[in-house]
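Peer 1: Attaching a predicted model along with its sequence, questions to come.
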Amino acid sequence: MKFSTLAISALFIIFAGQAAASCDKYSCEGVSNVVFSSVVANTTQVKVKFPQGTNATLACNLDQEEAAALNKTSENYRNMQSMLLTAVAANLPVKLTFNQASANCQIDEVEVKVVE
């Protein structure tokens, strides 16, 4: 009996992260290290890479790297970058919202949840 309780507890711990992330059509939310796998900045853009398979749950298309770029034309572009880095550093829950008018996934809104 003790072994089965331990096994069930271990399964809950293993799958807890997967249950914490949720992507649906035009948004993804959950704890930052579960929602996305990395944040990449290069000379032209800042992109958020998502776990493999995320594209199947979205109404827009991630790029070939399973990533979506922050909307560089947004007046709050730098704030969105800062908020992403804060969420990663503190492992906070986030909600990323994609532009519904674009076929390619582009992040238009970043929400960092400090209290749930």
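Peer 2: Structure's in. What do you need? Residues are numbered from 1 along each chain as shown.
Peer 1: low-confidence ranges in the chain?
Peer 2: Applying pLDDT under 70 to the chain flags the ranges 1-21, 116.
Peer 1: what about the strands in it?
Peer 2: Assigned by DSSP state E, the strands in the chain fall at 22-24, 27-31, 38-41, 46-49, 67-70, 93-98, 106-112.
Peer 1: Out of the ones you listed, which is closest to Leu85?
Peer 2: Nearest to Leu85, of all the strands of the chain, is strand 38-41, at 7.1 Å by CB to CB. For every residue, glycine as well, the C-beta is placed using N, CA and C.
Peer 1: Give the partner strands of that closest one in its sheet and their orientations.
Peer 2: Partners of strand 38-41 in the sheet, by DSSP bridges, are strand 46-49 (antiparallel).
Peer 1: how far does the strand it pairs with sit from the chain's center?
Peer 2: Distance, stretch centre to chain centre, for strand 46-49: 9 Å (CA atoms, centre = their mean, to the nearest Å).
Peer 1: so of the strands of the chain, which one's packed in deepest?
Peer 2: For the strands of the chain, the largest average neighbour count (mean count of other CB atoms under 10 Å) is found in strand 67-70, namely a mean of 22.
Peer 1: Using PDB, write down the CA coordinates of that one.
Peer 2: Extracted in PDB, the C-alpha atoms of strand 67-70 (Å, rounded to 0.1, in the frame of the first residue of the first chain):
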ATOM      1  CA  ALA A  67       8.800  30.300 -31.600                       C
ATOM      2  CA  ALA A  68       6.800  33.600 -31.700                       C
ATOM      3  CA  ALA A  69       8.300  37.000 -31.800                       C
ATOM      4  CA  LEU A  70       7.400  40.000 -29.600                       C
END
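Peer 1: what's it packed up against?
Peer 2: Applying 3 or more CB pairs under 8 Å, 6 or more residues apart in numbering; DSSP states H and E, we find strand 67-70 packed against strand 46-49, helix 77-90, strand 106-112.
Peer 1: Run through who's touching it.
Peer 2: 40, 45-50, 60, 62-63, 77, 80-81, 84, 96, 98, 104-107, 110 (CB atoms under 8 Å, 6 or more residues apart in numbering).
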